[in-house]
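Visitor: coords please:
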Amino acid sequence: MALPAGAPAALTALLADFTAGKKAALARAVSIVENHRDGHEQWLAACHPRLGHARRVGITGPPGAGKSTLTTLLAEAYLAAGLQVGIVAVDPTSPFTGGALLGDRVRMERVALHPQVFIRSMATRGSLGGLAATTREVCDVLDAFGVDRILVETVGVGQSELDIARLADTSAVVLVPESGDSIQTLKAGVMEIADLFVVNKADRPGADRLRNDLELMLGLRSGEVLRNIPAHHGVELKAANPKRVAREAAARDDADQWTPPVLRTIGATGEGVGEFAAALDRHFAYLERSGTLQARRRARLRERVVDAVEQRVRRRLWRDAAVQDWLDAQLPALEQGATTPLAVADTLLARATAAGTLTGPPTGPSR
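Guide: Take a look at the predicted model:
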């Protein structure tokens, strides 16, 4: 691991401690990247060749589903197997400090002080999609440090938490009987990102119905025909669909297809967590065997480049005072209907390109 030319001198000493496996150095590196401090791009460049060792697991679902409890229990299972675990808990933003409210970290106190666990709470700071703006970069730092598993718990804001599928190798959607009307739950867009479903608090009323609804949805989505199902609201799908039993034991992991298993857990007692961890391992084995892992990670790299280009273009464009002044001058024509926002945008981009604004370094103060 080597820093590129031009990196701040302070990073050189930090790098020695980081490569030696010191958690204090990891914490500093995460802070540098998360807060875009001086040298963060050079640090990420140094991390890049070391990426790919850690398995990244996303845990998402509605508020109150028990995500933090399951994350803690998963971490304990991995620790028992001798693995090093990194946890990124995305929390709501404090309206006073702009930082994370640290609710998830408090709930993970059982593993917080373990020497083989690193936990970072991150504030969303206005980002949508259930993640913070720099969650991916923080995961890169953890990966380069050498952790074996990275568990990313989303903020739990509902159906908008789709960004986790762009970050994780495996995405687990945690639901509870109290998630609301089961049919509405099945319509949620977040359901489409799941590699595994976990019905937590499965000892509560309504858990079996939720599980059956999920099984029915998965059967229909994969094209399976559920035969001999009586026209009764409370039908027991396990009896009607024998494939459910096999799916519970090991998801349909044909070389070209994976049907998400529906798992049952009780976070308060730890019941089902072993099966949850085993299902995550099976899914990762499927990803490797089918070539899907390489495809997903390659798509993530491409997406990272696209995001970086968009951010840099936006920053260079709007930090140019001449661009801002020209745009302000077009407002009267826009108000009078003499031109349109799209026409102004096209002209602005053409002018910025001709002037080299989009290719040169950012100029002028932000406005």
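Visitor: can you give me the helices for the stretch 151-300 of the chain?
Guide: For the stretch 151-300 of the chain, the helices defined by DSSP state H, counting those that start in this stretch cover 182-187, 207-221, 237-240, 243-249, 273-290, 292-318.
Visitor: Between helix 273-290 and the last one, find me the angle.
Guide: Calculated by axes from the mean of the first three to the mean of the last three Cα atoms, to 10 degrees, helix 292-318 forms an angle of 90 degrees with helix 273-290.
Visitor: Following the chain onward from helix 292-318, which element is next?
Guide: Next helix or strand after helix 292-318 toward the C-terminus (DSSP states H and E): helix 321-336.
Visitor: That next one: how far from the chain's middle?
Guide: 39 Å (Cα atoms, centre = their mean, to the nearest Å).
Visitor: which element follows it toward the C-terminus?
Guide: helix 341-355.
Visitor: quick check: mean pLDDT across that following helix?
Guide: Mean pLDDT, helix 341-355: 96.
Visitor: Check which helices and strands it is in contact with.
Guide: Secondary-structure packing of helix 341-355 (3 or more Cβ pairs under 8 Å, 6 or more residues apart in numbering; DSSP states H and E): helix 321-336. C-beta here means a position set from N, CA and C on the backbone, and glycine is covered the same way.
Visitor: Show me which residues of the helix it packs on are buried.
Guide: In terms of neighbour count (16 or more other Cβ atoms under 10 Å), helix 321-336 has its buried residues at Val323, Leu327, Gln330.
Visitor: Please apply the same query to stretch 292-303.
Guide: Buried residues in stretch 292-303, defined by neighbour count with 16+ other Cβ under 10 Å: Thr292, Leu293, Arg296, Arg300.
Visitor: Now do the same contact list for the first one.
Guide: What it means is Thr292. Listed by Cβ atoms under 8 Å, 6 or more residues apart in numbering, the contact partners of Thr292 are Trp258, Tyr286.
Visitor: Distance of it relative to Leu151?
Guide: Separation of Thr292 from Leu151 (Cβ to Cβ, to the nearest Å): 20 Å.
Visitor: again with the second one
Guide: Per Cβ to Cβ, Leu293 is found 18 Å from Leu151.
Visitor: State the distance from Ala77 to Trp318.
Guide: Distance from Ala77 to Trp318, counting by Cβ to Cβ: 47 Å.
Visitor: Between these two, which has more neighbouring residues?
Guide: Ala77 (19 against 16; other Cβ atoms under 10 Å).
Visitor: Just give the nearest non-adjacent residue to that one, would you?
Guide: Ala277 (4.7 Å; Cβ to Cβ, 6 or more residues apart in numbering).
Visitor: what separates the one you found from Ile266, distance-wise?
Guide: According to Cβ to Cβ, Ala277 stands 15 Å off from Ile266.
Visitor: swap in Arg55?
Guide: In terms of Cβ to Cβ, Arg55 sits 25 Å off from Ile266.
Visitor: Between the two, tell me which one has more neighbours.
Guide: More crowded of Arg55 and Ile266, by other Cβ under 10 Å: Arg55, with 22 against 18.
Visitor: Pull the contacting residues for the more buried one.
Guide: Contact analysis of Arg55 by Cβ under 8 Å, 6+ apart lists Asp148, Arg149, Ile150, Asp169, Thr170, Leu280, Phe284.
Visitor: what do you get if the cut-off is 10 Å, keeping everything else the same?
Guide: Applying Cβ atoms under 10 Å, 6 or more residues apart in numbering, we find Arg55 in contact with 78, 83, 143, 147-151, 168-170, 280-281, 283-284, 287, 293.
Visitor: Then Asp148?
Guide: His53, Ala54, Arg55, Tyr78, Ala81, Gly82, Leu83, Gln84, Val85, Gly86, Gln116.
Visitor: Quick check: which ranges of the stretch 101-250 of the chain have low pLDDT?
Guide: For the stretch 101-250 of the chain, the stretches with pLDDT under 70 are 101-107, 124-133, 156-161, 179-191, 220-250.
Visitor: can you give me the strands in the stretch 51-200 of the chain?
Guide: Ranges of strands within the stretch 51-200 of the chain are 55-60, 85-91, 117-123, 149-153, 170-175, 196-199, based on DSSP state E, counting those that start in this stretch.
Visitor: one step back: between the buried residues of stretch 292-303, which is nearest Arg28?
Guide: Set against Arg28, the nearest of those by Cβ to Cβ is Arg300 (25.6 Å).
Visitor: Which members of the contacts of Arg55 are classed as buried?
Guide: Members of the contacts of Arg55 classed as buried by 16+ other Cβ under 10 Å are 78, 143, 147-151, 168-170, 280, 283-284, 287, 293.
Visitor: Ala16: helix or strand, and which one exactly?
Guide: In this assignment (DSSP H and E), Ala16 forms part of helix 9-19.
Visitor: And the average pLDDT for that helix is what?
Guide: 93.
Visitor: Please verify my assumption that Leu3 contacts Thr19.
Guide: No: Leu3 is beyond contact range of Thr19, at 11.0 Å (criterion: Cβ atoms under 10 Å).
Visitor: Quick check: neighbours shared by those two?
Guide: Each of Ala46 lies in contact with both Leu3 and Thr19 under the rule Cβ under 10 Å, 6+ apart.
Visitor: Got the domain ranges for this protein?
Guide: 1-50, 51-290 (automatic domain parsing).
Visitor: Can you say which of the ones you listed is packed in most?
Guide: Among these, ranked by average contacts under mean count of other Cβ atoms under 10 Å, first place goes to domain 51-290 (a mean of 18).
Visitor: separation between the residue nearest to Leu214 when sequence neighbours are not counted and Ala352?
Guide: Leaving aside its sequence neighbours, Leu214 sits nearest to Val262 (Cβ to Cβ, 6+ apart; 4.7 Å). Note on Val262: its distance to Ala352, by Cβ to Cβ, is 51 Å.
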